[in-house]
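1. sequence plus the predicted model coming up.
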Amino acid sequence: MAAALLEVEGVTKRFGGFTALESVDFVVRPGERVGLIGPNGSGKSTLVNCIAGTLKNEEGSIRFEGQDICGHAAHRRIRMGLARSFQIPKPFASMSVLDNLRVPLLYAARRHEKLAAGRIVEEAMRILEEVGLAGRAHAMSGGLTQVDMRKLELARAMAAKPKLLISDEAMAGLSASEVDDVLALLFGLKDQGVAVIMIEHVMRAVMKFSERIAVLVAGRKIADGDPQVVVGNADVIKAYLGE
Amino acid sequence: MSNKVFAAVAFAVALALAAVTQLIPNDYFFTAAYTVLLFVILATAWNILGGYTGYVNFGSAAFFAIGAYTTVFFYNAFKAPLLVGIIAGTLVAGLAGLGLGYLTLRLRGVFFAIASLALAVVLYIFVVNWDYVLQPREIPFGLPRYIHLIYAVQLVMAAIALVVARAIEHSTLGRGLAAIRDDELAAECSGVPTLRLKIFSTMVSCALMGMAGTTFPYYLSYIEPSSAFSLSYAVNSIAMPLIGGTMSWIGPLIGAILLGSVQQLVQVMFSLGAWNLLIVGVLLVLFVTLAPNGIMGWVDAWRRRKGR
């Protein structure tokens, strides 16, 4: 077994008296495609926030490439290669689509890739080409359609040159063909050796994409393994459909 | 235009203006121009934190006063020349800005604005009770009123403020600040060290505000707390960038010249000095409703329409 890229061990997160995550273990290997599913409020986004550093877990450890990152601020984690997209798109609305990508290219990618200043625009255009936003490069990002905003959200995460990308419900509310577009994008990342954690309610996409699926229910991981086996698991069915 | 070229042009213009206008026989011109330039510096400084970074600072008057009282302190203590006062005042205000940053920048939006206002009040009370700097209370403390010189110095300092603001705006730092303004969480998750950048921009902004205040004791030849901490500085340094446009260094410059000149005109032509803040208020309401992105926002939109 290859050394783990991300190791989450015994992570617990409480909000006052409410325990959002209870001793969660979760491992991602380099280049792996993992689906993370669970009913609303099961703690998926909380887990993402703890991994990305926008929330601090009270207990447990999070290691990235063997290094403990619990004390690192979010911007240091992304510089190490741990990127995330947001469930509700957060474009830098006063900037053009191209300039949106410049921010992670300047502040994150340049830290671990030799990227000459003159090549930033070129690189941004290459990524926009890849996600199909090249034609909108000079449009203001605040005026994009919903699907384009989702693409921009992913493009911005990709511009940080991550080793692990966490895609937080990038497909919610998209049409079937739009889901396929985004799916193709995420598959493309796999070819570049980027590991992906996909958090999604669109089961068709999760099943198609994931090599492994983990299930969170009420802050606990109740299953983790082969997609076909996991969706046949009695506990998982109970959590989704009730008894 | 590169930063160096811009700096050369800005200083050349400042010096040329300083030289040419010395021929103007009317002394009042210098008093009025000094005030307008003071506002150019304050508005430009405020915009570095307020416009570029999106944190509204209501405490401008406090940093202005820090600059002014540092000059007074150094003059009282060591009879220090103006240049020493300028450097010291700028540094002390910058340090105070650093402190404000550490204490309050974890607050967002309106909470930061209230904290900055509270700081101004605390400093006001501190100065009012500090006898040392108040010794020359309303009595000229011997600083000669070289209005011609002070005006020229203020011109050069305005050029410095504009050069700094423009350099920040066009740098990687400026892009990081804009990202913070648009969405702080997304900025942090794009690798921008948000806290460090915010503290830095607060420090630069406050240092420049302090710089604007260092010549003030020479201008009045005495100062008292209620004039140094005047509400008009806080209000104007917010209103001017908002009216001119907060996205670039030109906005505060235009806003300050426009609003500052209108206020001077009203004061002179109609002797209605007390109406100044009312005028600012009315203009601000007009602009917020009709041109929410200020004059420069309006120009940009017009250019885009024309370009199509």
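-> In hand now; what should we look at?
2. mind pulling the model confidence for residue A:216?
-> pLDDT for residue A:216: 90.
3. confirm it sits in a strand?
-> Yes - the assignment for residue A:216 is a strand, going by DSSP: H, G, I helix; E, B strand; the rest coil.
4. what's the neighbour count on it?
-> The number of residues packed near residue A:216 is 25, by other Cβ atoms under 10 Å in any protein chain shown. C-beta: built from backbone N, CA, C; applies to glycine.
5. for the closest residue to it other than its chain neighbours, what are phi and psi?
-> Spatial nearest neighbour of residue A:216, chain neighbours left out: residue A:38 (3.7 Å); criterion: Cβ to Cβ, 6 or more residues apart in numbering or on different chains. Backbone torsions for residue A:38, taken as degrees, to the nearest 10, come to phi 160, psi 160.
6. gap between residue A:38 and residue B:52?
-> 40 Å (Cβ to Cβ, to the nearest Å).
7. for chain A, what is the nearest residue in the stretch 1-150 of chain B?
-> In the stretch 1-150 of chain B, the residue that lies nearest chain A is residue B:54 (9.7 Å; Cβ to the nearest Cβ).
8. and residue B:279, what does it touch?
-> For residue B:279, the contact set (Cβ atoms under 8 Å, 6 or more residues apart in numbering or on different chains) comprises B:262, B:263, B:266.
9. in helices, which of those fall?
-> B:262, B:263, B:266 (DSSP state H).
10. which of those residues count as buried?
-> B:263, B:266 (16 or more other Cβ atoms under 10 Å in any protein chain shown).
11. which one of the ones in helices among the contacts of residue B:279 sits closest to chain A?
-> When these are ranked by distance to chain A (Cβ to the nearest Cβ), residue B:262 comes first, at 28.5 Å.
12. and chain A, which residues reach chain B?
-> Proximity of chain A to chain B is confined to A:52, A:54, A:73-75, A:78-79, A:83-84, A:86, A:90-95, A:99, A:102-104, A:106-109, A:111, A:156, A:160 under the rule Cβ under 8 Å from any Cβ of the partner chain.
13. leaving out sequence neighbours, find the closest residue to whichever residue of chain A sits closest to chain B.
-> Distances between chain A and chain B by Cβ to the nearest Cβ are smallest at residue A:108, namely 3.0 Å. Nearest residue to residue A:108 in three dimensions, chain neighbours excluded: residue B:191, at 3.0 Å (Cβ to Cβ, 6+ apart).
14. could the contacts of residue B:279 go into TSV alongside distance to residue A:147?
-> Listed next are the contacts of residue B:279 as TSV, based on distance: Cβ to Cβ, whole Å:
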residue	distance to residue A:147
B:262	48
B:263	50
B:266	53
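15. so which of the residues you listed also contact chain A?
-> Applying Cβ under 8 Å from any Cβ to the contacts of residue B:279, none is adjacent to chain A.
16. where is pLDDT lowest across the residues you listed?
-> residue B:266 (81).
17. where does chain A have its least confident helix or strand?
-> Confidence across the helices and strands of chain A bottoms out at helix A:110-112, with a mean of 68, counting by mean pLDDT, DSSP states H and E.
18. can you name the next helix or strand after it?
-> On the C-terminal side of helix A:110-112, the closest following helix or strand by DSSP states H and E is helix A:120-131.
19. helices or strands up against that next one?
-> In this structure, helix A:120-131 makes packing contacts with helix A:97-104, helix A:146-159, helix A:176-191, judged by 3 or more Cβ pairs under 8 Å, 6 or more residues apart in numbering or on different chains; DSSP states H and E.
20. ramachandran angles for residue A:226?
-> phi -60, psi 130.
21. hmm, it is touching residue A:212, no?
-> Yes - using Cβ atoms under 8 Å, residue A:226 is in contact with residue A:212, at 6.8 Å.
22. still on that earlier bit, in contact with the residue nearest to residue A:216, which residues?
-> Counting by Cβ under 8 Å, 6+ apart, residue A:38 has contacts A:44, A:215, A:216, A:217, A:239.
23. got the phi and psi for residue B:240?
-> phi -60, psi -50.
24. and it, what's its pLDDT?
-> 91.
25. next: residue A:163.
-> In this model, residue A:163 carries a pLDDT of 92.
26. and it, how far from residue A:65?
-> Taking Cβ to Cβ, one finds residue A:163 at 8 Å from residue A:65.
27. spell out which residues make up each domain of chain A.
-> A:6-81+A:162-241, A:87-147 (automatic domain parsing).
28. can I get the ones you listed in a markdown table with distance to residue B:18?
-> A markdown table is the format used below for these (distance: least, Cβ to Cβ, whole Å):
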| stretch | distance to residue B:18 |
| --- | --- |
| domain A:6-81+A:162-241 | 44 |
| domain A:87-147 | 36 |
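29. out of those, which comes closest to residue B:15?
-> domain A:87-147 (33.1 Å; Cβ to Cβ).
30. the closest residue to chain A within the stretch 201-308 of chain B in helix, strand or coil?
-> Closest approach between the stretch 201-308 of chain B and chain A, counting by Cβ to the nearest Cβ: residue B:247, at 7.0 Å. Assigned with three-state DSSP, residue B:247 falls in the coil class.
31. sorry, back to before: how near is the residue nearest to residue A:216 to residue A:45?
-> Following Cβ to Cβ, the distance that separates residue A:38 from residue A:45 is 10 Å.
32. same deal with residue A:15?
-> Residue A:15 is 12 Å from residue A:45, by Cβ to Cβ.
33. these two - which one has more neighbours?
-> residue A:45 (19 against 10).
34. which elements pack onto the helix or strand encompassing that one?
-> Residue A:45 belongs to helix A:44-52 when elements are defined using DSSP H and E. The contact analysis (3+ Cβ pairs under 8 Å, 6+ apart) places helix A:44-52 against strand A:6-15, strand A:18-28, strand A:33-37, helix A:74-80, strand A:82-84, strand A:164-168, strand A:195-199.
35. just for the chain, where's the confidence low?
-> You didn't pick a chain, so chain A it is. By pLDDT under 70, the weakly predicted segments of chain A are A:1-2, A:111-116, A:243.
36. my question was about chain B
-> Within chain B, the segments meeting pLDDT under 70 span B:132-145, B:271-273, B:307-308.
37. residue of it closest to chain A, please.
-> Closest point on chain B to chain A, by Cβ to the nearest Cβ, is residue B:191, at 3.0 Å.
38. tell me the contacts of that residue?
-> Residue B:191 neighbours (Cβ under 8 Å, 6+ apart): A:75, A:78, A:79, A:103, A:104, A:107, A:108, A:109, A:111, A:160.
39. quick check: nearest residue in space to the residue positioned nearest the centre of chain B, chain neighbours excluded?
-> Nearest residue to the geometric centre of chain B (Cα atoms, centre = their mean): residue B:42, 0.9 Å. Using Cβ to Cβ, 6+ apart and skipping residues adjacent in sequence, the residue nearest residue B:42 is residue B:237, 4.1 Å away.
40. the one you found and residue B:49 touch, don't they?
-> No - using Cβ under 8 Å, residue B:237 is not in contact with residue B:49; the gap is 10.5 Å.
41. and those two? Which one has more around it.
-> residue B:237 (32 against 28).
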